[in-house]
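>>> Pasted the sequence and its predicted model underneath.
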Amino acid sequence: MRQYLVRVHCCGSRWLVYVPAVELWAFAITKQEIRSVATQMISSATGSDSELDLSEDRVLSVAQEFVREHASAKRWLPDEVSAR
């Protein structure tokens, strides 16, 4: 099983979850959802199971701070899985 680095940013009242290896990011509403969101993103991108290496990153005021620094990353929305 491959291990994926997951960078987690506090962003206002939500958590921005970013997986650099698959260039996807998404929001988790609660801290408890972070692992689930990351696992779903990786699974939708790779089709395989994964182990997570969660890493706290810097606090963001707004998501646009992240988007400016990671222009190639795409936002992942759970509904996109069933649309593929």
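Great, that's in hand. Numbers count the residues shown, from 1 in each chain.
>>> Tell me the helix or strand right after the lengthiest strand in the chain.
Using DSSP state E to define each element, the chain has its longest strand at strand 2-11. Next along the chain after strand 2-11, taking DSSP states H and E as the criterion, comes strand 14-19.
>>> which outside residues touch the following helix or strand past that next one?
Per DSSP H and E, the first helix or strand lying C-terminal to strand 14-19 is strand 24-28. With C-beta atoms under 8 Å, 6 or more residues apart in numbering as the test, strand 24-28 has contacts from 11, 14-19, 34, 36-37, 41, 45, 63, 66, 70, 73-78. C-betas here are computed from N, CA, C, even on glycine.
>>> quick revisit: buried ones in the longest strand of the chain, by neighbour count?
Using 16 or more other C-beta atoms under 10 Å as the test for burial, strand 2-11 gives 4, 6-9, 11.
>>> one step back: of the contacts of strand 24-28, keep whichever come out buried.
Buried subset of the contacts of strand 24-28 (neighbour count, 16+ other C-beta under 10 Å): 11, 14-19, 34, 37, 41, 45, 63, 66, 73, 76.
>>> Might you list the low-confidence residue ranges for the protein?
Along the chain, the model assigns pLDDT under 70 to residues 79-84.
>>> Now with 90, please.
The chain contains residues with pLDDT under 90 at 1, 49, 78-84.
>>> What is the lengthiest helix in the chain packed up against?
Counting residues, the longest helix found in the chain (DSSP state H) is helix 34-46. Secondary-structure packing of helix 34-46 (3 or more C-beta pairs under 8 Å, 6 or more residues apart in numbering; DSSP states H and E): strand 2-11, strand 14-19, strand 24-28, strand 50-56, helix 79-83.
>>> and it with strand 14-19, angle?
Counting by axes from the mean of the first three to the mean of the last three C-alpha atoms, to 10 degrees, helix 34-46 points 40 degrees away from the direction of strand 14-19.
>>> Quick one: neighbours of Ser48, just the number.
9 (other C-beta atoms under 10 Å).
>>> Assign it to helix, strand or coil.
Under DSSP: H, G, I helix; E, B strand; the rest coil, Ser48 falls in the coil class.
>>> is it true that it touches Arg2?
Yes. With contact defined as C-beta atoms under 8 Å, Ser48 reaches Arg2; the gap is 7.1 Å.
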